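# Whatever this is, show me its structure:
(chains A and B)
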Amino acid sequence: MSESPFSTRRFVIIFSICWLVLMVDHALLLYWIDVSLKSAIYDSIISNTILLGACLLIMNTIRYYLPGREQYMNLIIMCLVLTGFWLALDRWLLGILVDDSYEYEAFLNKSMVIRFSIGILVVGIVTMLAINWHSWHEQKENESRKSDAEKMAREAELYKLRQQLQPHFLFNSLNSINALIVSRPVEARKMVQQLSDFLRGTLKKEETQWVSLQEEFQYLQLYLDIEKVRFGNRLSTQVEIEEATTTVKLPALLLQPVVENAIKFGLYDTVGETVIGIKTSIDNNELVVEVTNPFDPETAAPQKGTGFGLKSVQRRLYLLFGRADLLQTSAQGELFITKVRVPQPVAHPVEKDQAINKNEMTSQTN
Amino acid sequence: MSKVIIIDDEPLARSIVKEYLQTHPELELLAECGDGFEGVKAIQQFQPDLIFLDIQMPKINGFEMLELLEKPPSVIFTTAFDEYAIRAFESHAVDYLLKPFNQERFDRAVNKWMESPRNGESDTKELLETAAQSPAQNNRIVVKNGSKIKIIPVHDIFYLEAADDYVKIHTAEGYFLKNKTMSYFEQLLDAAHFVRSHRSYILNVQQITRIDPYEKDSHVAVLRTGARIPVSRGGYGKLKQVLGL
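Residues are numbered from 1 along each chain as shown, chains lettered A, B, ... in the order given. The predicted structure is shown next:
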């Protein structure tokens, strides 16, 4: 529903002038065909006031219920019926109110066809104007909605790019490489390789793509290796992957921001060694990834708990599965736990026989 | 011979500064620190003339560390990413180096300091006033309690009280002193939660249980702890506005 044209001052003025002209014209015409001045004025006022009511009724109907192209026939019928009603009411009122002389009665009966023609003309024009007004407004609204949606999409895109680039991580990594080049060139070269592979992975993968947990962890490992070079002995990881989960699929690049958040939280909220724990399991046909980091419950700012990175993960999970409970954080003493659940399609049974193999991806690195 | 300290949480970032320093025999490297706590200790111990300081560090960031110093030395910031709008501090810090930087850029920063050795103390004070206006800074206050460093989340503050050159920060654990002015805190703290009720008092409005009239033209605010805080006439107006009365 768009706003009524009567909310525009200019429209009200023009509409009133038109109606005034119609009334004056009506009265003058009758006077010219020999109706007494008094009768002509009364006739004009009564006829046109009822007609105005009919027009307002139709404008209001169109405001709330804009007819589509295929409903124009109904609309014409509606105009005809409404004009008919108007005329009947008009005839009855004029008959009892204006002048009961025989001449006027005869004139009334004779003028019915012309009255109907003029009435249908006025009602038709008003209807057309109202339809034009409201469809124009609807179109304008659609356009602004569309441009809003486009703006939001652009902003999301920019945000995604920014997330991918992670300037802080990138520049600090480059700085570490810069330091390694002279003292430990072999390590520098290795880190360049890791950083390149990591960035390529970020650029290549579509966020809509699903990958196996194993693939996601290969990518995650690159990230962890780079961070370990940066922070040296302060950072270590403890990764436990249940064998049965390695082939399970999850949205690409889902875990990296979670781990990144844990690392930042752990490293910047405590001094000394930071152990990041990553554990996977399957529960109720859902992949569960638990990431833990140490923190200081006394000083950790409350909003840090669900930091910037986690918000985007939560948003993504919500968009994918329509559930807001898939990312949960909790604190256990000095350990902060982030739990991510990824529902698995029902038609994807977990292959049990693989679980017999020695759990080769379980690793404890330092 | 000038004394220098490096403070950065990444070991390789420290080593690159150390490497670049080798071409400056006039600068003597006395210590390398991995966080702000070590930084404070080393600065008190060695009284350096110049420090190379990272901003994002564990527990307390570079600005917060500087705030704890009574006599801050000259500072050259070394940081990876311009999220602290560090250019705003350009006039107060000696220089800032965006990582990764090369020897030439490093030399330029050092030479700039050597040519016009600044008064580290006053420059760094001004720098901190500027830094306090960045939103990253205003959700906690770092204080020194004896040799211990204490981080106070702002919502734990009951009220602030002026005490000569210091401000007393009252919390559930007693009060802490900070060498700052009341107007500094008035500017730093979120005006929706902290109101300067009196020339010498700033209140956390969430702590107020009631406000009683007191003598003519003045009031007294009673906090949950039972503390009675003077409220001047102007302060009463501000309180009413914040509380929506």
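
# okay, CA-based contacts and neighbour counts for the rest of this
Noted.

# domain parsing for chain B?
Listed domain ranges for chain B are B:2-136, B:152-243 (source: automatic domain parsing).

# what's the closest of those to chain A?
Smallest distance to chain A across the domains of chain B (C-alpha to the nearest C-alpha): 3.7 Å, for domain B:2-136.

# Nearest to residue A:316, out of the domains of chain B?
domain B:2-136 (25.1 Å; C-alpha to C-alpha).

# Is the closest one positioned near chain A?
Yes - using C-alpha under 8 Å from any C-alpha of the partner chain, domain B:2-136 comes into contact with chain A via B:9-13, B:15-16, B:35, B:56-59, B:80-81, B:99-101.

# The nearest residue to residue B:139 once chain neighbours are set aside and residue B:65, how far apart?
Counting by C-alpha to C-alpha, 6 or more residues apart in numbering or on different chains, the nearest residue to residue B:139 once its immediate chain neighbours are dropped is residue B:154, at 5.5 Å. For residue B:154, the distance to residue B:65 equals 17 Å [C-alpha to C-alpha, to the nearest Å].

# swap in residue A:224?
In terms of C-alpha to C-alpha, residue A:224 sits 29 Å off from residue B:65.

# cool, and residue A:309?
From residue A:309 over to residue B:65 the distance is 26 Å, taken as C-alpha to C-alpha.

# ok, those two, which is more surrounded?
Shown here are residue A:309 and residue B:65; by other C-alpha atoms under 10 Å in any protein chain shown, residue B:65 has more neighbours (23 against 16).

# tell me the SS of the more buried one?
helix (DSSP: H, G, I helix; E, B strand; the rest coil).

# Residue B:60 too?
coil.

# what sits against it?
Residues in contact with residue B:60 (C-alpha atoms under 8 Å, 6 or more residues apart in numbering or on different chains) are B:35-37, B:142.

# so which of those residues is the most crowded?
Top of the contacts of residue B:60 by neighbour count (other C-alpha under 10 Å): residue B:36, with 29 neighbours.

# what residues does the stretch 51-200 of chain A put near chain B?
A:167-168, A:171-172, A:174-176, A:178-180.

# Leaving out chain neighbours, which residue sits closest to the closest residue to chain B within the stretch 51-200 of chain A?
In the stretch 51-200 of chain A, the residue found nearest to chain B is residue A:175; the distance is 4.4 Å by C-alpha to the nearest C-alpha. Closest residue in space to residue A:175, ignoring its immediate chain neighbours: residue B:100 at 4.4 Å, by C-alpha to C-alpha, 6+ apart.

# And the nearest residue to residue B:165 once chain neighbours are set aside, its phi and psi?
Using C-alpha to C-alpha, 6+ apart and skipping residues adjacent in sequence, the residue nearest residue B:165 is residue B:179, 6.3 Å away. Main-chain dihedrals, residue B:179, degrees, to the nearest 10: phi -80, psi 70.

# what's the longest helix in chain A?
When chain A is parsed with DSSP state H, its longest helix is helix A:102-165.

# tell me what that one is packed against?
helix A:37-64, helix A:72-97 (3 or more C-alpha pairs under 8 Å, 6 or more residues apart in numbering or on different chains; DSSP states H and E).

# Which stretch among those helices is buried most, on average?
The highest average neighbour count among those, using mean count of other C-alpha atoms under 10 Å in any protein chain shown, belongs to helix A:37-64 at a mean of 18.

# which residues touch the residue nearest to residue A:175?
So residue B:100 contacts A:171-172, A:174-175, A:178, B:80 (C-alpha under 8 Å, 6+ apart).

# Confirm it sits in a helix?
No - checked against three-state DSSP, residue B:100 lies outside a helix; its state is coil.

# Any figure for the gap between it and residue A:233?
22 Å.

# residues near residue 113, how many?
As the question left the chain open, I've gone with chain A. The burial count for residue A:113: 12, using other C-alpha under 10 Å.

# should've been chain B
18.

# My guess is it contacts residue B:94. True?
Yes - taking contacts as C-alpha atoms under 8 Å, residue B:113 lies within contact range of residue B:94: 6.2 Å.

# quick one on the thing from earlier: please tell me I have it right and the residue of the stretch 51-200 of chain A closest to chain B contacts residue B:13.
Yes - using C-alpha under 8 Å, residue A:175 is in contact with residue B:13, at 6.6 Å.

# Between the two, point out the one with more neighbours.
Applying other C-alpha under 10 Å to residue A:175 and residue B:13 shows that residue B:13 carries more neighbours, namely 27 against 23.
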